[in-house]
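> No letters, just coordinates:
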């Protein structure tokens, strides 16, 4: 026919925060073919992580800036299970609080990003305004806005003071009405739902086949949430995974919105549980052995495999990041949609290219 | 159209925007800005140099200097933790941007927390191979 | 004496952001610049996401080997006068990723950089400082050009 | 025989003689000499006729049948012979419809002949300004196209047939527009039908034969409506002379002849629901498309409408229906044109739409509208011929008529691109002739508010499909510098023919004031109150004014000024932005709809057309019954 | 007296786009405030244009420059015709030519986003030109096509026609939900994507002229015998229209091109049709 046009979408593109290239084949503006082109962000992190296990908790944060704490938690949990130790309860609770804070920032970023991708500038701004509250909170707790550098193997190295706990409580109560307002907008806005409902549908079956994880799979009706394993302090709090059945952009968006509210619940549940005590255990000797560690990052199941042979350098470290699974499933969603929906669909899986490419 | 009410509300409320750089940044007390050396305490044990994940610290035992490459420091606080003599402190204020990667040289002849500013060489890029 | 031209230029810096392999931390902070808290539109800056209309390139990341050509491509498409700001440690020196085999170790290995921003991740305030520094560099350049023109 | 009569006779007789010479001569030099001679005669005669009429201050020139004595008996015989020929063609094509329609035509012709005693009504020919405009279009544009064909058809083995039919057509067309007697008009109407049939089938392919058959079926059907209308007209009005048709007090069955003639006009002008033949006719060689299917022959239909417009405008209900059918045609064809990929098909839809606009003007039935219709007819022919010929020239260079194949053509074939650009510019944008008439139509449509909605969407769609096409032409490889027109490897023949049409389109646009005053207004004045005011620089209507000269100067200054200001070499040429990638982009047009959707759209609009046409016939009968 | 009138007209043609530029600045400020931001200075659009003019030109094809200039000149001509009290319909078509020049400029650079932007801009033209055309014809129907002859009664008789102008303004101001041709997150900035430096400035100024013309049409709806009241009312009406678009922009996501075309055609044409019908029923004639 010769009617199809091919255009590059990315690596540098207004809709993407990160370099991802989707080469789209368009018939007029209908997408008939999509080729995912990854690897712009491949730095060789697995090699760098394996060089010195004592420094790798900092490097592992730099795999991804949006879910940095989850990365270092997964890494530290792996080392801890190699050593065979349990982190003190206070350390685990602090980890949980920080992970949920990070989930809040990540989800608010993703939500703002979706709003931006459909040209809803005001909503994007509002999401980021609320996100800024969490950002300043984590800045106060950890000393940095993005990379908290709080994790060490054996616990956390930075304690939260009683004022800090009060601060968290105060921020949460300040945030709750605002997020409720955002929830109202996201769920009710007509133009927004026109652009997200029924767009980029991923059926339950397809989600299983593509191995989707995290909010993307939960939006397609798969009630899978690694937090239910009870790592860190998740066994001490009550929550149930948020699941929707539609599998479209709207569902993915709303799952994230609901999870924001859930994160606040979890944080507020954690706060009264914090008792005085140590936050970390010192570990002796170099690690030796294998460990397989996983956490529920904002984008889904994050897996670290660590094999150590008793030297400073780890023998092998392997990451399987959630975005890798989710980004791949774009290939199932993009064909058949309109060019205008490509940014929305792409952003709705929350592609974290730095995770994907490592 | 759900944003209508909040748009109008925002229109008549004070903007959320900071006035930075007219007013100083609002930094929390525990902010990990940058590290400073109190050279009078330093024993040149090189623990900080070895612990640094990004090789931002260079200890020169002969010249009796500690060199911090500001544009390499990720502010992870490790050097502060490993220092046996509390030579190193983390302060709130962050390092400033510059027209070349900055190097701060702490030496014995300078007062506490003072440093000499040097620059790493700048590259001007390279042409396509 | 500063010309009207350079005055206008300083009041309207349009930015383009490109991630060349960073961890996303600086990218988020670049985006935070556009949002209500920091709002660099105060200074007239706009995110154009298009090299042809940008004055300032905000580059994050240590420039992976694959991004190298793309970065150069974008740089060449940006009309003069332009300013390159390397945001964050990794863009300045490649620091956190110095052990990685697939990076160039800093933006200035590929294209000339005007302002280096420290921090991992660089705070929005530092980015604002960098913007101000870059613009003052322009101002100096303009003043210098004026002197040359007079002399 | 006066000079005017002589020129008129020359205008239709010389081409016919030329056709015979070509058929007999058969060799290329003979053909070239003959065709060239005929075109010279045609051009001179038509301009001469203009001068003759001007010397009579544009009073119509009536030619009595007696003045044509040796001819008129021949014509009656030819009339019968032609209809008989159609029966044979129908028989050989194994198409019962064609054969039946032709047989009916023959019967009714004989009936009419018997009724009138084989004597013509007087005046048999009437050359007023409308006929003059048509003759000028046919002769001048036709001549240019004939000369263009020398080159275009140079490798065709059936050249004698082609040029003979073309010349026959030119003669037949001129005669048709001069005819005042419905029977004569019917004869020449059929001559053009025959020529169209022969030329569409020229390539001899299966597709061409099919298209020719369909064209013949529909236009013969229209001819049947025509001849029935003629019979009824004789019965109702007692005359076959169009100029004697009653202009007022028509009602009931007396409206039926007008309805039928309008339907005949719709078939010839390819209005809904009869448009399908014109689209298929695009398989014919490009000069044929330019000559018959856009510039001249299809105009015959709307010409007939304009000719009987004094009667139609006073026949309420009929004029509304005419306006609705043609308005719907205008809208539907413009929307459908957006979905086409083949340049000739785009032009075909556009032709249908513009003819619809002319017919709509008749339907609006104000003097302003009719003036607009005549202006549109004139300017449309020139621009459309230019566009068709350019597409033909482009096809020769690119090997394809697809719009997509013309991607970046401005760098390869600047002359043709300029011709296409000017053609489109003169059709769509101010301040050229077509635009002036659109402006008048917009003003005129105020009296028929329903139509302004059709017009609004229609005009905007026109912009879309033409500039989508222009976009493809302009989309040359990055960094391409402006090339001079001389750089085009186009043969001289094409350059001259395209160039003369370009010049004609622009000059005639500048002269729109005089054109309106001297060519259009005398026709309007005869039948209506004074419509359009003009002082040669501006055009006035009751509610607005159109500053032709100011706008023309403006556009001229803008483009001339920019050509001076924008100089090559000052700018840095860069790569296209492709998200940082090096990317070689190929532009492909947007067509907005799938084949199935287009078919459905055609079906829906045809359905609406059928409904309205049935209403057009049923209404007079219903009025009579009530 | 004549000379004074001419001078006034020339002045208006020069000042009107500057006022639009100022309005754009206000628009950005108000938008920022609605998003709880501080926003740029009100004079920002002028800084932008000034800066763009000082940048080094960069092009893909010379025709881009030609068409950018043509767009500016056509829009300026449209405004000049409008101010000089000429025929509104002619003015409208001349302005339309300017929009088409933008499209041709976008096409003449062979670049993916520019091309898609051009196609979308054509669709936008398909969406808003009919509505604008109907607005012009309604005005002509109600009083006259000659801008100089149009007097009061429009606001009273054609309120829905004025309302139909608001979505048109949304498209022309490139605001959501109908900023489809320049969709930032989809095709960067559509037809403008390959323009940079001075040529972008030219297009920006061309847009100001175009907007000045369309806002001029909005102001036609208000008329009063008293010059002061007339001018104040006209400005108030134009500002109200601008404010309406800002509010719509801040409370909606971008819709798709199909949505745009169908909404504009159905709502725009529908509003005009209803208004004319009501007028016809009330007054017996249009």
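Arrived safely, thanks for sending. Here the structure is a predicted model, which means the values were calculated and not measured. Numbers count the residues shown, from 1 in each chain, chains lettered A, B, ... in the order given.
> Can you find the residue of the stretch 1-150 of chain D that comes nearest to chain A?
Nearest residue of the stretch 1-150 of chain D to chain A, counting by CB to the nearest CB: residue D:148, 29.2 Å away. No exception for glycine: its C-beta is placed from N, CA and C like everyone else's.
> Can you tell me which helices and strands the host helix or strand of that residue packs against?
Here residue D:148, judged by DSSP states H and E, is contained in helix D:142-152. Where contact means 3 or more CB pairs under 8 Å, 6 or more residues apart in numbering or on different chains; DSSP states H and E, helix D:142-152 is packed against helix D:28-55, helix D:159-178, helix D:286-290, helix D:367-398, helix D:492-510.
> what does that helix rub up against?
Helix D:142-152 is contacted from outside by D:32, D:35-36, D:38-40, D:42-43, D:162-163, D:166-167, D:170, D:173, D:285-287, D:290-291, D:295-296, D:385, D:389, D:392, D:396, D:491, D:493-494, D:496-497, D:500-501, using CB atoms under 8 Å, 6 or more residues apart in numbering or on different chains.
> Just the buried residues of those residues.
For the contacts of helix D:142-152, a burial check counting by 16 or more other CB atoms under 10 Å in any protein chain shown picks out D:32, D:35, D:38-39, D:42-43, D:162-163, D:166-167, D:170, D:173, D:285-287, D:290-291, D:295-296, D:385, D:389, D:392, D:396, D:493-494, D:497, D:500-501.
> Could you report the neighbour count for residue A:39?
18 (other CB atoms under 10 Å in any protein chain shown).
> thought it was touching residue C:70?
No. Using CB atoms under 8 Å, residue A:39 makes no contact with residue C:70, being 12.0 Å away.
> Nearest the middle, which residue of chain B would you pick?
residue B:34 (3.2 Å; CA atoms, centre = their mean).
> quick one, phi/psi of it?
The phi/psi pair for residue B:34 (degrees, to the nearest 10) reads phi -150, psi 170.
> Quick check, pLDDT for the nearest residue to it once chain neighbours are set aside.
Once flanking residues are discounted, residue B:34 sits nearest to residue B:95: 4.9 Å by CB to CB, 6 or more residues apart in numbering or on different chains. As predicted, residue B:95 sits at a pLDDT of 86.
> Give me the secondary structure label for residue D:587.
coil (DSSP: H, G, I helix; E, B strand; the rest coil).
> touching chain A at all, the lowest-mean-pLDDT helix or strand in chain B?
Of all helical and strand segments in chain B, the minimum by mean pLDDT, DSSP states H and E falls on helix B:4-11, at a mean of 83. Yes. Counting by CB under 8 Å from any CB of the partner chain, chain A has neighbours in helix B:4-11: B:6, B:7.
> counting contacts, what elements does the helix or strand just after that helix pack onto?
Using DSSP H and E, the helix or strand that follows helix B:4-11 towards the C-terminus is strand B:34-37. Applying 3+ CB pairs under 8 Å, 6+ apart, we find strand B:34-37 packed against strand B:65-69, strand B:88-91.
> mind giving me TSV with those and columns for mean neighbour count?
Putting the helices and strands packed on strand B:34-37 into TSV (neighbours: other CB atoms under 10 Å in any protein chain shown) gives the following:
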stretch	mean neighbour count
strand B:65-69	23
strand B:88-91	17
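> quick one: which of those is nearest chain C?
Checking the helices and strands packed on strand B:34-37 against chain C by CB to the nearest CB gives strand B:65-69 as the closest, at 6.9 Å.
> from the chain's centre, how far out does the closest one sit?
The chain centre lies 12 Å from the centre of strand B:65-69; the measure is CA atoms, centre = their mean, to the nearest Å.
> Next secondary structure after that strand?
That would be, after strand B:65-69 and using DSSP H and E, helix B:78-82.
> what mean pLDDT does that following helix have?
88.
> do it and chain A meet?
Yes. Judged by CB under 8 Å from any CB, helix B:78-82 comes into contact with chain A through B:78, B:81.
> So residue E:195: helix, strand or coil?
Secondary structure, three-state DSSP: residue E:195 is coil.
> and the stretch 1-150 of chain E, which residues reach chain C?
E:28, E:32, E:35-41, E:44, E:47-48, E:50-51, E:53-58.
> ok, now with 10 Å
E:28-29, E:31-32, E:35-41, E:43-60, E:111, E:113 (CB under 10 Å from any CB of the partner chain).
> Tell me which residues touch residue C:60, please.
A:17-18, A:65, C:17-30, C:85-88, C:90-91, C:107, C:117, C:121-122 (CB atoms under 10 Å, 6 or more residues apart in numbering or on different chains).
> if we can go back for a sec, dump the residue contacts of the residue nearest to the centre of chain B.
With contact taken as CB under 10 Å, 6+ apart, residue B:34 is in contact with B:68, B:70, B:73, B:75, B:89-96, B:104, C:118-119.
> Show the pLDDT at the one residue sitting closest to the centre of chain E.
Centrality entry for chain E: nearest residue to the mean C-alpha point is residue E:211, 3.3 Å, by CA atoms, centre = their mean. What the model reports as pLDDT for residue E:211 is 91.
> and it, which of the three is it?
helix.
> In this structure it contacts residue E:18, no?
No. Residue E:211 lies out of contact with residue E:18 (CB atoms under 10 Å); the separation is 11.7 Å.
> Could you find the closest non-adjacent residue to residue A:253?
residue A:114 (5.4 Å).
> and the one you found, how many neighbours?
30.
> likewise the one 10 residues further on?
For residue A:124, the count of nearby residues is 23 (other CB under 10 Å).
> What of residue E:15?
11.
> could you give the angle of the helix or strand harbouring it to helix B:4-11?
Element membership for residue E:15, per DSSP H and E: helix E:2-34. Here helix E:2-34 points in a direction 100 degrees away from that of helix B:4-11 (axes from the mean of the first three to the mean of the last three CA atoms, to 10 degrees).
> What helices and strands are in contact with helix E:2-34?
Helix E:2-34 sits against helix A:121-142, helix B:4-11, helix E:44-54, helix E:62-83, helix E:197-220, helix E:227-250, with contacts defined as 3 or more CB pairs under 10 Å, 6 or more residues apart in numbering or on different chains; DSSP states H and E.
> Flag every buried residue along it.
E:12-13, E:16-17, E:19-21, E:23-34.
> Between helix E:44-54 and that helix, find me the angle.
Going by the same axes, to 10 degrees, helix E:2-34 makes 100 degrees with helix E:44-54.
> what's the distance between helix E:2-34 and the middle of its chain?
In terms of CA atoms, centre = their mean, the centre of helix E:2-34 is set 13 Å apart from its chain centre.
> ditto for stretch E:119-138
Put simply, stretch E:119-138 sits 11 Å off its chain's centre (CA atoms, centre = their mean).
> Pull the contacting residues for residue D:460.
When contacts are counted by CB under 10 Å, 6+ apart, residue D:460 touches D:334-335, E:96, E:122-123, E:125-133, E:261, E:265.
> and if we set it to 7 Å?
Shown in contact with residue D:460 (CB atoms under 7 Å, 6 or more residues apart in numbering or on different chains): E:125, E:126, E:129, E:130.
> Flag the shaky bits of chain E, pLDDT-wise.
E:1, E:284-286 (pLDDT under 70).
> Nearest to chain D: which residue in chain C?
residue C:70 (3.7 Å).
> Contacts only, for that residue.
Residue C:70 is in contact with A:11, A:12, D:580, D:581, counting by CB under 7 Å, 6+ apart.
> Highest neighbour count among those?
Within those, neighbour counts (other CB under 10 Å) peak at residue A:12, which reaches 29 neighbours.
> which ones are touching the nearest residue to the residue nearest to the centre of chain E once chain neighbours are set aside?
Closest residue to residue E:211 apart from its sequence neighbours, by CB to CB, 6+ apart: residue E:20 at 4.8 Å. Residue E:20 is in contact with E:208, E:211, E:212, E:215, counting by CB under 7 Å, 6+ apart.
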